[in-house]
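Peer 1: sequence-free structure coming up:
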Ligand code: TYD
């Protein structure tokens with residue numbers, strides 16, 4: 001799996017003078033069944049999140065409010081996405097190292113995940129991630 005397998009998904013938008021609405025259905029707007037939702041909020045200025053990879057987990061990352069940068073890295077290629085729209089989600093496939101930086105004040109980062117939380121699925125060590133990611137090519 002590579003950075004080129006990650007992509008921005010343009011989510012449905014129901015525009016309405018009373019306020020816009022976006023919805024996300026598992027296996028339809030995201031290519032997996034949603035087993036877990038979590039969100040980052042109250043992120044202090046200058047803080048960085050992420051800095052890990054996942055063996056099997058698939059995710060969709062959405063800036064629900066405010067903005068942040070999402071850096072994805074497959075051990076060969078890297079891309080940075082500036083996330084600032086609640087109708088775009090970045091699909092992150094397995095075997096991607098990710099870092100979240102530059103959170104604006106009031107930013108909320110929502111993540112839809114294909115699996116429940118499992119610490120064994122994480123790579124917390126970049127060298128170990130690189131070894132496996134490069135070994136799989
Ligand atoms: P972590 O995934 O490292 O956060 P981030 O990628 O946003 O920097 O998780 C931080 C802590 O929260 C860690 O101790 C595990 C715990 N956690 C859960 O218990 N359940 C979850 O669904 C998530 C995402 C994290």
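Peer 2: On my side now, so go ahead. Predicted model only: the values in this text are computed from it and were never measured. Numbers count the residues shown, from 1 in each chain.

Peer 1: The most centrally placed residue in the chain and residue 134: what is the separation?
Peer 2: In the chain, the C-alpha nearest the mean C-alpha coordinate belongs to residue 61, at 3.5 Å (C-alpha atoms, centre = their mean). With the distance defined as C-beta to C-beta, to the nearest Å, residue 61 ends up 24 Å from residue 134. Where you see a C-beta, it was placed from the backbone N, CA and C, and this is true even at glycine.

Peer 1: ok, now which residue in this protein is the farthest from the centroid?
Peer 2: Distance to the chain centre peaks in the chain at residue 17, reaching 29.6 Å (criterion: C-alpha atoms, centre = their mean).

Peer 1: Tell me the secondary structure of that residue, please.
Peer 2: coil (DSSP: H, G, I helix; E, B strand; the rest coil).

Peer 1: Do you know the pLDDT at it?
Peer 2: Residue 17 is assigned 98 on the pLDDT scale.

Peer 1: Check which helix or strand the residue nearest to the centre of the chain maps to.
Peer 2: strand 59-65 (DSSP states H and E).

Peer 1: Lovely, talk soon.
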